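>>> structure for this input, please:
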Amino acid sequence: MKKIRATSLFFVTAATVALLTGCSSTMDLSNVKAIVDLRAASAFAAGHLKGAVNYDARSEAFIAEVSGVGRHGEVLVYCDTDECGGAARTTMLQIGFDNVINLGNLNEAASTTGLAIVTN
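You can find the predicted model right below:
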């Protein structure tokens with residue numbers, strides 16, 4: 001009989017941790033330097049977290065744009081999918097960001113931070 005080894009890769013977001021631990025309070029935003037919406041401009045225009053900036057993680061200009069945020073301090077990111085947010089977080093850490101937290105998708109980010117979803 002052949003043994004099969006299975007492995008899984010999980011992207012854990014702040015919202016997932018809150019859900020699993022039963023934590024319903026929002027996170028402390030006092031040390032947050034920036035909130036970055038990683039989605040396309042059209043998705044950002046349809047609704048984003050209040051105070052977020054939009055740098056499309058799938059664009060060629062992403063690294064140059066996100067570098068303008070400054071690399072020191074806590075930066076929160078969210079996207080359409082955990083994979084997108086996770087990949088952007090990894091890229092940002094590789095180019096020298098100190099602390100990048102993937103909040104998951106827009107609704108998870110709003111729930112975790114307590115920030116409103118706005119369209120302006």
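
>>> now do the end-to-end distance for stretch 106-120.
15 Å (Cα to Cα, to the nearest Å).

>>> mean confidence for that stretch?
Mean pLDDT, computed over stretch 106-120, is 95.

>>> from the chain's centre, how far out does it sit?
Counting by Cα atoms, centre = their mean, to the nearest Å, stretch 106-120 is centred 12 Å from the centre of its parent chain.

>>> what comes up buried for it?
The neighbour-count check on stretch 106-120 (16 or more other Cβ atoms under 10 Å) flags 106, 108-113, 115 as buried. Every residue, glycine included, has its C-beta placed from N, CA and C.

>>> which of these sit farthest apart?
The largest separation in the buried residues of stretch 106-120, counting by Cβ to Cβ, is between 108 and 115 at 11.8 Å.

>>> could you point out which element follows the helix or strand bottoming out on mean pLDDT in the chain?
In the chain, the helix or strand scored least confidently by mean pLDDT, DSSP states H and E is helix 14-21, which has a mean of 44. Next helix or strand after helix 14-21 toward the C-terminus (DSSP states H and E): strand 32-37.
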